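Enquirer: Everything below, folded, please.
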Amino acid sequence: MLTTAQPPGPRRWIALFRLVLAWRRDSLACLLTLARNYGDVVRFAAGGRQVTFLNHPHFIEQMLALDGQTETRLDTPGATRFPTSHPRKRVSRLVDSRVRGNDASLRLTDPPCETVAAQAAALCSRWRPGERVDLYQEMRELAVAAWSETASEAVASALTSVWTMLARYPEAERRVHEEVDGGAAGGSATALPYTGLVVAETLRVHPPVWAVWRQTVLPAMISGYAIPAETWLMFSPWVVHHDPRYYPDPWRFDPGRWTAAGAATCPLPAYLPFGAPDMAPLWAAGVSAIAAIARRWRLRPTAVGPAIAEPTGWLRPRPGPWLVIERRGKDRKTQ
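Expert: This next block holds a predicted model:
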């Protein structure tokens, strides 16, 4: 039975004031707290705007359907239709008066794995042992060359996060190096199963897209709740990826959860590293890029800091993550 009730969320001014402070201090932790305290549909005010925060894959999938249809429904019987002709603008900042929207949701189109591997090998061939490089910028250059300028920020963040996790977990790094050393250069990503598991788990822990926004045009109903027109809808892949309903022990880095047996327990709509629900866990092009570089180098960060949740919706490594480069494998003899 449908109702005109509003979704739960912080209402009193003191709660909203604390929300603003928490958001400015740590946006990700703030959203995680909202989801835990209020559930799958949360309503709160931000900068004078009404925001409805969605935390269930079913609602997220329907929200994203707005991008590809002339009109769509956000809920079961009685839902109001949403035309998609309403212009969407880029976000400025959530907690101020300039809230507008964002286009962070990315349906990534990958180039052939052989192309990615060749571009990655060419890029890292200019590195020298003991050199310090800005790895994020290097991965962004690779992304522009092999993918596109549009996808460069997301791809660079994803690849940089993989190197960070390999440096943090020596056993995972050892197994990746062992696997890529035994595989053919530029070969299929399916021949590198463990590397694929590491990449999939990294994108779960550190999704390049941390938040996606859309604005309603007409009133609607979501899960029986009334959603007024001009309400901002949002979801966070980072929050969904750390929900124990879909990922047991979500704070543990566990590539094994993406084996055939483990992945079967996770519905794909709950895997949203680039903000879109149609990406399979095996990111073949990303695996090819990691493998091409891992055959030649071992990377070590000189400093590690928390990622930055950009107002545009991207989750980026800290600026200038300089790494010390150590040559490995067959290339060691040529230094």
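Enquirer: which secondary element of the chain has the worst mean pLDDT?
Expert: strand 81-83 (a mean of 34; mean pLDDT, DSSP states H and E).
Enquirer: And the next helix or strand past that strand?
Expert: Per DSSP states H and E, the first helix or strand lying C-terminal to strand 81-83 is helix 113-124.
Enquirer: For the stretch 151-300 of the chain, which segments count as helices?
Expert: For the stretch 151-300 of the chain, the helices defined by DSSP state H, counting those that start in this stretch occupy 152-168, 170-182, 193-205, 237-241, 260-263, 284-294.
Enquirer: Figure out which of those helices is closest to residue 114.
Expert: Closest to residue 114 of those, according to C-beta to C-beta: helix 284-294, at 7.7 Å. (Glycine included, C-beta is placed from N, CA and C.)
Enquirer: from the chain's centre, how far out does the closest one sit?
Expert: Between the centre of helix 284-294 and the centre of its chain there are 18 Å (C-alpha atoms, centre = their mean, to the nearest Å).
Enquirer: what comes into contact with that helix?
Expert: Contacts to helix 284-294, defined as C-beta atoms under 8 Å, 6 or more residues apart in numbering, come from residues 110-114, 116-121, 123-124, 142, 146-147, 155, 158-159, 162-163, 166, 176-177, 180, 183, 185-186, 188-190, 192, 195-196, 198-199, 203, 299.
Enquirer: Model confidence at the residue nearest to the spatial centre of the chain, what's the number?
Expert: In the chain, the residue lying closest to the centroid (C-alpha atoms, centre = their mean) is residue 207, at 2.2 Å. pLDDT, residue 207: 93.
Enquirer: For residue 118, see how far away it is.
Expert: Separation of residue 207 from residue 118 (C-beta to C-beta, to the nearest Å): 27 Å.
Enquirer: do residue 161 as well
Expert: With C-beta to C-beta as the criterion, residue 161 and residue 118 are 23 Å apart.
Enquirer: okay, the two: which has more neighbours?
Expert: Higher neighbour count among residue 161 and residue 118: residue 161, with 24 against 17, using other C-beta atoms under 10 Å.
Enquirer: tell me the domain boundaries of the chain?
Expert: 13-106+210-241, 113-208+279-334 (automatic domain parsing).
Enquirer: and the ones you listed, which one's lowest on average pLDDT?
Expert: Mean pLDDT values for the domains of the chain show the minimum at domain 13-106+210-241, a mean of 69.
Enquirer: Quick one: closest of the helices of the stretch 151-300 of the chain to residue 33.
Expert: helix 237-241 (9.8 Å).
Enquirer: which residues are in contact with the closest one?
Expert: 28, 31-32, 35, 55, 57, 60, 204-205, 207, 209-212, 246-247, 250, 270-273, 275, 315.
Enquirer: Narrow the residues you listed to those in strands?
Expert: Per DSSP state E, strands hold the following members of the contacts of helix 237-241: 212, 315.
Enquirer: Which PyMOL command selects the buried ones in the contacts of helix 237-241?
Expert: Filtering the contacts of helix 237-241 down to the buried ones (16 or more other C-beta atoms under 10 Å) takes a single PyMOL command:
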select buried, resi 28+31+32+35+55+57+60+204+205+207+209+210+211+212+246+247+250+270+271+272+273+275+315
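Enquirer: Can I get the helices of the stretch 151-300 of the chain in TSV including distance to residue 310?
Expert: Conversion of those to TSV gives the following (distance: least, C-beta to C-beta, whole Å):
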stretch	distance to residue 310
helix 152-168	9
helix 170-182	27
helix 193-205	17
helix 237-241	12
helix 260-263	29
helix 284-294	20
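Enquirer: Packed most tightly, which of the ones you listed would that be?
Expert: The highest mean neighbour count among those, using mean count of other C-beta atoms under 10 Å, belongs to helix 284-294: a mean of 26.
Enquirer: relative to helix 170-182, how tilted is that helix?
Expert: 90 degrees (axes from the mean of the first three to the mean of the last three C-alpha atoms, to 10 degrees).
Enquirer: Adjust the sequence numbering to begin at 26 for everything that follows.
Expert: I'll keep to 26 as the first residue from here, and by that count the last item is helix 309-319.
Enquirer: Output helix 309-319 in CSV with nothing but the alpha carbons.
Expert: In CSV, the C-alpha atoms belonging to helix 309-319 read as follows (Å, rounded to 0.1, in the frame of the first residue of the first chain):
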residue,chain,number,x,y,z
ALA,A,309,39.8,-7.4,-18.8
ALA,A,310,41.4,-4.1,-20.0
GLY,A,311,42.4,-3.1,-16.5
VAL,A,312,43.9,-6.5,-15.9
SER,A,313,46.0,-6.2,-19.1
ALA,A,314,47.3,-2.8,-18.0
ILE,A,315,48.3,-4.1,-14.6
ALA,A,316,49.9,-7.2,-16.0
ALA,A,317,52.0,-5.3,-18.6
ILE,A,318,53.5,-3.1,-15.9
ALA,A,319,53.8,-5.7,-13.2
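Enquirer: That's all I had, so thanks and see you.
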